[in-house]
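> The following block contains a protein sequence and its predicted model.
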Amino acid sequence: MINQIRADFYRQLRTWGFGLVMGLTVVYCAVCVWFKSVGGVMVNAPLSALDELTAKQTTVRAGIRGATINSSVLLYVFIALFVIVIGYEFSQQTYKNTLISGISRLQFILAKYLTLLLDLFIALALFYLTALITGRLAGRAWGTALPHLLQETGLTLVTSTFFISVVFSLAMLVLIASGSLVISAVFIVIWPLAVSLGSILTNWHWLSYIDFFNVAAGISFGTIHTGELWRYLLVSVVALTVSVLAGAELIQHKEL
């Protein structure tokens with residue numbers, strides 16, 4: 001499995017798409033932080049909180065909080081990583097060659113997920129590093145003690161990476177079940193919108209636990225407290241486990 005992760009990561013480093021994703025991530029963050037732009041793919045975002053955050057974005061800390069909300073737009077960019085890591089192999093049916101080589105179905109799915117997780121971590125690390133540097137270049141104060149700011153940003157980075165990866169693991173399951181790269185890509189796009197709209201129309205509070213894309217944004221808004229994270233983590237771990245095991249089972253029944 002480790003060899004598979006290394007091979008996937010080495011292969012994607014040789015593609016122009018990987019570099020383009022990282023470049024777009026950096027440029028997008030720098031522009032948003034420099035011009036104090038706050039917004040994202042959130043149907044039920046509190047506009048008053050957005051306006052307040054924009055008006056008070058005079059510190060690096062406020063800029064990073066604003067960037068967290070802006071990061072929801074990156075889901076469209078990160079679809080390219082999904083295509084590079086696993087989508088292309090399924091569209092060309094070349095994944096069968098990997099399975100024939102001796103790796104188990106479960107190891108194959110885990111390797112793909114971990115590669116995507118690593119990609120997301122690198123991209124979001126660049127994103128938050130850019131937010132921090134851009135804020136300082138704009139002449140803004142830290143907004144809090146630097147160690148506390150780094151700890152806060154680190155927590156947001158890890159949280160964002162994990163919860164976004166859960167949606168991509170579900171998209172992998174959709175890809176394996178449908179065999180369609182288009183359907184799985186559409187799934188990534190409509191998931192946050194469908195969950196948010198469903199929450200608005202039904203007022204079902206439990207839908208917030210599967211609103212994976214907006215957990216980090218909820219922390220920035222203060223609507224999700226650190227003490228409540230365990231519930232979101234539990235649901236996410238269950239969803240991740242089910243998607244990985246179900247994906248392995250579906251591949252098991254595919255004709256090689």
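Received the coordinates, thanks. Numbers count the residues shown, from 1 in each chain.

> Which parts of the stretch 151-256 of the chain are helices?
181-202, 215-221, 229-252 (DSSP state H, counting those that start in this stretch).

> Most tightly packed of those?
Mean neighbour count (mean count of other C-beta atoms under 10 Å) peaks for helix 215-221 among those, with a mean of 22. Backbone N, C-alpha and C define where each C-beta goes, glycine included.

> Tell me which of the helices of the stretch 151-256 of the chain lies nearest to A171.
helix 181-202 (4.7 Å; C-beta to C-beta).

> Run the chain-centre distance for that closest one.
14 Å (C-alpha atoms, centre = their mean, to the nearest Å).

> Likewise for stretch 157-170?
5 Å.

> quick check: mean pLDDT across that stretch?
The average pLDDT within stretch 157-170 is 91.

> in this protein, which helix or strand is least confident?
helix 47-55 (a mean of 55; mean pLDDT, DSSP states H and E).

> After it, which helix or strand is next?
Downstream of helix 47-55, the next assigned helix or strand under DSSP states H and E is helix 60-70.

> follow-up on the earlier one: export the helices of the stretch 151-256 of the chain to TSV and tack on distance to R61 and mean pLDDT?
Output for the helices of the stretch 151-256 of the chain, formatted as TSV (distance: least, C-beta to C-beta, whole Å; pLDDT from 0 to 100):
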stretch	distance to R61	mean pLDDT
helix 181-202	25	86
helix 215-221	10	68
helix 229-252	20	90
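
> do you know which of the ones you listed lies nearest S71?
helix 215-221 (7.2 Å).

> V38 and A131: what is the separation?
12 Å (C-beta to C-beta, to the nearest Å).

> no no, A246
36 Å.

> Equivalent analysis for Q12, please.
The value you get for Q12 to A131, if C-beta to C-beta is used, is 24 Å.

> more crowded one of the two?
The residue with more neighbours, out of Q12 and A131, is A131; 27 against 18, by other C-beta atoms under 10 Å.

> what about that one, which helix or strand?
Going by DSSP H and E, A131 is part of helix 105-137.

> Excluding chain neighbours, what is closest to the residue nearest to the spatial centre of the chain?
Nearest residue to the geometric centre of the chain (C-alpha atoms, centre = their mean): I164, 2.9 Å. Here the nearest residue to I164 in space, its sequence neighbours aside, is L120; by C-beta to C-beta, 6 or more residues apart in numbering that works out to 5.7 Å.
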